[in-house]
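Undergrad: sequence-free structure coming up:
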C-alpha cells in the first residue's frame, strides 16, 4: 500500500501529559505511514549519554530544557517526521508557537481516572512526579491540559489502543 502525506509532508507532533502513550502511538503512526519517528526525550538521553532522571540530578532541569529546545528546533526543520515531545516541552510559549506554526500538533488526551491507574508505573522514570503528592500531580495534570488545548487535533485515547489511535489520526488527517 502506498502512503500519501498531507501537503508538504508536514511533521506530526504528538503532545500530551507524561505517560499518555506519545512514544507508543508515535511509533505506530510512523510505522503505518512509513515516516521516521523521533522521540525527543530519547534523543536528549542520547545527547547526554544518560537517562532523564540522571540528567535532572547531574545537570538540572535548565540544561535538560535547553537541549530539548535545541533538538526540537533541529528536528522540525525538515518535514515528513512523527515527533513525540515530553510532557513539559509544549509548556514553553516559544516551542508551542514554533510547533503550531510549522507542524500538525496532535494532543493525545486522557482522563485523570485512566491516567491515575498508570501513575505507579511512571513515578520512577519521571523526575517531575517524584517530588509531588497525588493531589499535586492531579493539579499538574489539569494545569497542563489547559496548555495542551492549543493544538490542531485532539484525540481521546481512553478507549483506544495505540494501533486504533494511530489509525484514527491517519483517517482524520487523511494521510493514506
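TA: Alright, I've got the coordinates. Note that the structure is predicted; figures quoted are calculated from it, not measured. Residues are numbered from 1 along each chain as shown.
Undergrad: partners of the longest strand along the chain in the sheet?
TA: Here the longest strand in the chain is taken by residue count, with DSSP state E as the criterion, and it is strand 104-109. Strand 104-109 has the following sheet partners, assigned by DSSP bridges: strand 12-15 (parallel), strand 153-156 (parallel).
Undergrad: residue contacts, the closest residue to residue 85 other than its chain neighbours?
TA: Beyond its immediate neighbours in the sequence, the residue positioned closest to residue 85 (Cβ to Cβ, 6 or more residues apart in numbering) is residue 40, lying 5.1 Å away. Bear in mind the C-beta positions are built from the backbone N, C-alpha and C, glycine included. Contacts were defined as Cβ atoms under 8 Å, 6 or more residues apart in numbering; by that measure residue 40 touches 68, 71-72, 75, 83-86, 89.
Undergrad: with secondary structure and distance to residue 136 as added columns, please give those residues in JSON lines.
TA: Written out in JSON lines, the entries for these read as follows (DSSP: H, G, I helix; E, B strand; the rest coil; distance: Cβ to Cβ, whole Å):
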{"residue": "68", "secondary structure": "helix", "distance to residue 136": "23"}
{"residue": "71", "secondary structure": "helix", "distance to residue 136": "28"}
{"residue": "72", "secondary structure": "helix", "distance to residue 136": "27"}
{"residue": "75", "secondary structure": "helix", "distance to residue 136": "32"}
{"residue": "83", "secondary structure": "strand", "distance to residue 136": "29"}
{"residue": "84", "secondary structure": "strand", "distance to residue 136": "25"}
{"residue": "85", "secondary structure": "coil", "distance to residue 136": "22"}
{"residue": "86", "secondary structure": "coil", "distance to residue 136": "19"}
{"residue": "89", "secondary structure": "helix", "distance to residue 136": "20"}
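Undergrad: give me the lowest-pLDDT entry from those residues.
TA: Ranked by pLDDT, the contacts of residue 40 bottom out at residue 86, which scores 83.
Undergrad: quick one on the thing from earlier: among the contacts of residue 40, which two are most distant?
TA: 75 and 86 (13.1 Å; Cβ to Cβ).
Undergrad: for those two, indicate the residue with more neighbours.
TA: Regarding residue 75 and residue 86, a neighbour count based on other Cβ atoms under 10 Å identifies residue 86 as having more, with 23 against 18.
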